[in-house]
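S.K.: Here is a sequence together with a model predicted from it:
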Amino acid sequence: EASEEQQQTMSTPYPSQQQKKKGGNEPWRNKERHYCAICNAWMGSDRQSILLHENGKKHREAVEADLKKRRDDKAKKEKDQSDLEKVFAQVNAAAAGSGG
């Protein structure tokens with residue numbers, strides 16, 4: 001007499017067989033898509049489609065614009081931080097001078 005667990009194991013000698021997707025080894029049926037966050041675009045997940053997109057003019061221009069925006073934002077943030085530190089230094093100096 002086999003237990004329930006042994007019967008389940010015997011009925012499926014290869015457990016991974018049940019987990020395979022239908023048409024898993026047929027690349028032309030691949031439904032996965034690749035998303036480019038910079039361009040907000042979807043494309044096929046195959047290497048050729050991705051490379052074609054990444055080497056395209058619109059993508060390269062979008063990458064340059066994104067990098068420029070990030071650089072500008074970082075510079076503005078650093079300038080704001082230094083301005084804030086200067087104001088705090090002035091306030092602390094004034095407080096130390098009047099409170100002494």
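M.R.: Received, thanks.

S.K.: tell me which element Gln90 falls in.
M.R.: Assigned by DSSP states H and E, Gln90 falls within helix 57-99.

S.K.: mean confidence score for that helix?
M.R.: For helix 57-99, mean pLDDT is 94.

S.K.: Which of the helices or strands spans Tyr35?
M.R.: strand 33-36.

S.K.: Restrict that strand to CA atoms and write it as CSV.
M.R.: Coordinates of the C-alpha atoms in strand 33-36 are reproduced here as CSV (Å, rounded to 0.1, in the frame of the first residue of the first chain):
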residue,chain,number,x,y,z
ARG,A,33,7.4,41.9,-23.8
HIS,A,34,10.3,44.2,-23.0
TYR,A,35,9.5,47.7,-21.6
CYS,A,36,11.8,50.7,-22.1
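
S.K.: ok, and what's touching that strand?
M.R.: Applying Cβ atoms under 8 Å, 6 or more residues apart in numbering, the set of residues contacting strand 33-36 from outside is 41-45, 49-50, 53-54, 59. To be clear about C-beta, it is placed using only N, CA and C from the backbone, and glycine gets the same treatment.

S.K.: what's the farthest-apart pair in those residues?
M.R.: With Cβ to Cβ as the measure, no two of those lie farther apart than Ser45 and His59, at 16.1 Å.

S.K.: what's the span of stretch 44-57, first residue to last?
M.R.: Taking Cα to Cα, to the nearest Å, the first and last residues of stretch 44-57 lie 18 Å apart.

S.K.: What lies in contact with it?
M.R.: So stretch 44-57 is contacted by 27, 30, 32-34, 36, 39, 41, 43, 59 (Cβ under 8 Å, 6+ apart).

S.K.: What is the nearest of the residues you listed to Gly97?
M.R.: Using Cβ to Cβ, the contacts of stretch 44-57 come closest to Gly97 at Cys39, 55.7 Å.

S.K.: wait, is that closest one part of a helix?
M.R.: No. Assignment of Cys39 by DSSP: H, G, I helix; E, B strand; the rest coil gives coil, placing it outside any helix.
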